[in-house]
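# Need coordinates for the below:
(one chain, ligands or ions: 2)
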Amino acid sequence: MKVHEYQAKRLLREFGVPVPDGEHAESPAAARAIAQRLGGRVVVKAQVHAGGRGKGGGIKLADDADGAEAAARQILGMMLKTPQTPPEGIKVRAVWVERASEIARELYLSMTLDRVRATHVVMASEAGGMEIEEVAARTPEKILREWTHPALGLADFQARRLAFGLGLGGEAFKQGVALIRNLFRLYLAKDCSLVEINPLVVTADGRVLALDAKLNFDDNALFRHPDVVALRDVHEEDPLDVEASKYNLNYIKLDGNVACMVNGAGLAMATMDAIKQAGGDPANFLDIGTVNDVSRVVNAFKILTADPSVKAILINIFGGMARVDVIAQGVVDAHKEMKVGVPVVVRLAGTNVAQGERILEDAGLPLIRAIGLGEAAQKAVAAAG
Ligand code: GDP
Ligand code: MN
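Ligands and ions are numbered 1, 2, ... in the order given. Take a look at the predicted model:
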């Protein structure tokens with residue numbers, strides 16, 4: 001799960017990571033009032049779940065309250081396009097107005113899980129403010145990395161080594177060390193999957209501040225962070241993803257046109273591979289899980305048929321603990337409840353398969369049947385055209 005910069009900055013402040021003073025606003029008048037309160041130059045920043053806002057015109061400096069109001073008027077409601085947004089952009093519904101910083105240096109700092117080393121990694125670079133992917137590709141030596149101990153966490157010497165590597169000295173060095181340690185505490189305490197500060201700045205008067213803040217949270221740990229769940233902004237998520245999460249379906253939309261409905265993540269992966277091998281492209285990953293619940297299948301149909309790019313549906317079920325007859329009943333109920341306007345290919349195997357077959361036969365639905373997975377995938381790809 002992602003959150004907005006203004007929400008991330010509140011969390012940062014809670015954990016003792018310095019950020020510029022600011023507030024979030026949903027109207028130009030509110031932006032003006034905040035700028036008035038802050039006094040002096042401010043930055044007005046579009047709040048969307050995507051980076052690269054600066055280049056897309058979503059970040060504007062203003063000299064005074066008048067300027068802040070004008071900037072907010074330009075930014076609020078715009079379709080902000082950046083390399084990280086969908087091509088049509090994302091609608092800006094709120095801005096963050098903060099005291100402008102006089103920047104002496106722009107640095108980079110992030111924390112994430114290194115799956116290969118099976119522990120957390122803290123990354124830092126003096127080449128902040130720009131595309132870090134580019135820095136990593138062209139000059140990887142400019143990125144410092146410290147892998148933390150799985151049990152002991154980030155050691156003080158590692159925080160000092162990073163601050164030193166960032167070229168911080170004197171008071172800024174002390175601030176940098178404290179900031180890195182506090183940010184790592186936040187990263188662990190809130191079960192983040194990513195913390196990225198780009199840029200981390202040193203101001204002209206020598207303070208170290210997080211000027212931008214990106215926090216991603218591990219969805220599997222959200223159950224123990226109701227405070228984080230409360231920050232969710234469903235406007236920023238794909239509507240079908242939001243629907244699917246309501247139904248407890250494990251759904252990810254993809255670019256193809258063959259929809260999959262499968263029980264089990266491994267089987268879902270294999271099904272997507274089979275579709276590829278048959279020359280097609282999966283429209284989604286959908287794991288309905290191990291459930292003996294007819295409504296789950298009906299809900300899955302709702303999600304799949306709501307996606308206009310879907311031209312065929314492939315149902316691939318291997319009944320282990322899940323019973324094939326329950327799922328077959330779900331397929332029948334779904335056809336009763338809604339108009340399924342695309343061909344449906346069904347491949348069933350496992351527990352209660354005979355009963356499942358009978359349910360489908362008795363219903364007399366226009367289903368395309370298959371025995372093997374390869375055959376099912378070929379039929380689905382052919383049906384999708
Ligand atoms: P992003 O483009 O979405 O990553 O948004 P950022 O918050 O990182 O801002 C982009 C750029 O705007 C930064 O790298 C800075 O160069 C500039 N910027 C943001 N805030 C300030 C500020 O307070 N003062 C100055 N001078 N520049 C700023
Ligand atoms: Mn940034």
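
# Excluding sequence neighbours, find me the nearest residue to whichever residue of the stretch 251-385 of the chain sits closest to ligand 1.
The stretch 251-385 of the chain approaches ligand 1 most closely through K253 (24.1 Å), counting by C-beta to the nearest ligand atom. From N, CA and C alone the C-beta is placed, and that goes for glycine too. Among residues not flanking K253 along the chain, N284 sits closest, at 5.3 Å (C-beta to C-beta, 6 or more residues apart in numbering).

# measure the residue of the stretch 101-250 of the chain found nearest ligand 1 to T85 for me?
The stretch 101-250 of the chain approaches ligand 1 most closely through D212 (3.3 Å), counting by C-beta to the nearest ligand atom. Going from D212 to T85 by C-beta to C-beta, to the nearest Å gives 16 Å.

# Give me the more crowded residue out of the two.
Ranked by neighbour count (other C-beta atoms under 10 Å), D212 and T85 place D212 first, with 22 against 19.

# Not counting sequence-adjacent ones, nearest residue to that one?
Once flanking residues are discounted, D212 sits nearest to N198: 5.6 Å by C-beta to C-beta, 6+ apart.

# where does the one you found land on pLDDT?
pLDDT recorded at N198 is 96.

# what's the answer for M130, then?
The model reports M130 with a pLDDT of 68.

# now do V234
pLDDT, V234: 86.

# Next: G320.
Value listed for G320 in the pLDDT field: 86.

# give me phi/psi at the nearest residue to A136 once chain neighbours are set aside?
Closest residue in space to A136, ignoring its immediate chain neighbours: I143 at 5.9 Å, by C-beta to C-beta, 6+ apart. Note on I143: backbone dihedrals following degrees, to the nearest 10 are phi -110, psi 120.

# Who are the contact partners of I143?
108, 123-125, 132, 135-136 (C-beta atoms under 8 Å, 6 or more residues apart in numbering).

# With A159 as the reference, measure out to it.
Distance, I143 to A159, using C-beta to C-beta: 17 Å.

# Repeat that for G330.
53 Å.

# So for the two, which residue has more residues nearby?
When G330 and A159 are compared for neighbours, G330 comes out ahead with 26 against 22, by other C-beta under 10 Å.

# what's around G40, how many residues?
The number of residues packed near G40 is 11, by other C-beta under 10 Å.

# Let me see the contact set for it.
64, 99-100.

# what does N198 give?
Counting by C-beta under 8 Å, 6+ apart, N198 makes contact with 51, 108-110, 128-129, 132, 212, 214.

# May I have the secondary structure class of it?
Per DSSP: H, G, I helix; E, B strand; the rest coil, the local secondary structure of N198 is strand.

# Now do the host helix or strand of F318: which elements does it pack against?
If you go by DSSP states H and E, F318 is part of strand 312-319. The elements that strand 312-319 packs onto, with contact taken as 3 or more C-beta pairs under 8 Å, 6 or more residues apart in numbering; DSSP states H and E, are strand 258-262, helix 265-277, helix 294-305, helix 324-337, strand 344-350, helix 373-384.

# deepest of those, which one?
strand 258-262 (a mean of 28; mean count of other C-beta atoms under 10 Å).

# quick one: contacts of it?
Contacts for strand 258-262 (C-beta under 8 Å, 6+ apart): 268, 271-272, 275, 280-288, 297, 300-301, 304, 307, 310-317, 342, 380-381, 384.

# and those residues near ligand 2, which?
Counting by C-beta under 5 Å from the ion, the subset of the contacts of strand 258-262 that neighbours ligand 2 is empty.

# What is the neighbour count of N248?
13.

# Give the rounded mean pLDDT of stretch 255-270.
Per-region confidence: stretch 255-270 scores 94 on mean pLDDT.

# End to end on that stretch, go ahead and measure it.
17 Å (C-alpha to C-alpha, to the nearest Å).

# Can you read off the backbone torsions of K2?
phi -110, psi 160.

# How about it, nearest residue that isn't a chain neighbour?
That would be H49: by C-beta to C-beta, 6+ apart, it lies 4.6 Å from K2.

# Quick check on the one you found: phi, psi?
Main-chain dihedrals, H49, degrees, to the nearest 10: phi -80, psi 60.

# Whichever residue of the stretch 201-350 of the chain sits closest to ligand 2: what's it in contact with?
Of all residues in the stretch 201-350 of the chain, the one sitting closest to ligand 2 is D212 (3.5 Å; C-beta to the ion). The contact partners of D212, taken as C-beta under 8 Å, 6+ apart, are 5, 51, 197-199.

# before we move on, the earlier item: now, of the contacts of G40, which are buried?
Among these, those classed as buried by 16 or more other C-beta atoms under 10 Å are A100.

# So which of the contacts of I143 sits lowest on pLDDT?
Lowest in pLDDT among those is I132, which has 83.

# Got phi/psi on the closest residue to that residue other than its chain neighbours?
Distance criterion C-beta to C-beta, 6+ apart; nearest residue to I132, sequence neighbours excluded, is Y108 at 5.6 Å. For Y108, the backbone dihedrals (degrees, to the nearest 10) come out as phi -130, psi 140.
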